[in-house]
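In: can you look at this prediction? I've put the sequence above it.
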Amino acid sequence: MAKAEIEFEYPLEDASARHVYVAHNGGRYRFFSRARRYDHWEPVKEPPLQDWLELLDCVRRRIARGKLMLAEEKRVLQCIQTRFPEYKTISPSKTG
């Protein structure tokens, strides 16, 4: 998996899991999801806030390991605050 690609999964209420794949390309984040491992990736036009928060967590962990620049976190935060203006409780980490 390249640096510009992040994949994660999280459980759903019905005990299944949601697999999410995020590709960062040309300054845009493109989200894809699938229900099971061998299903096809389907594009997600309007990713939910939970997907964005998972992406932010993954980006912060990669920054701590030296695999991404700190500017990447700021880009994700800006995207979250643009798409979800009611969600203002996120602040940049002190990593640097």
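Out: Right, received. Where do you want to start?

In: what about the strands in this structure?
Out: Here the chain has its strands, by DSSP state E, at 5-11, 17-25, 28-34, 42-44.

In: quick one, which of those is nearest to residue 83?
Out: Distance to residue 83, taken as Cβ to Cβ, is lowest for strand 28-34 among the strands of the chain, at 10.3 Å. All C-beta spots, glycine's among them, are computed from the backbone N, C-alpha and C.

In: sheet-wise, list the partners of that closest one with their directions.
Out: Sheet neighbours of strand 28-34, with direction, are listed as strand 17-25 (antiparallel), strand 42-44 (antiparallel) (DSSP bridges).

In: quick one, which of these is packed in tightest?
Out: The highest mean neighbour count among the strands paired with strand 28-34 belongs to strand 17-25 (a mean of 17), with neighbours defined as mean count of other Cβ atoms under 10 Å.

In: residues in contact with that strand?
Out: Taking contacts as Cβ atoms under 8 Å, 6 or more residues apart in numbering, the residues outside strand 17-25 that touch it are 4-12, 29-37, 41, 44, 47, 51, 54-55, 72.

In: all good on my end, thank you.
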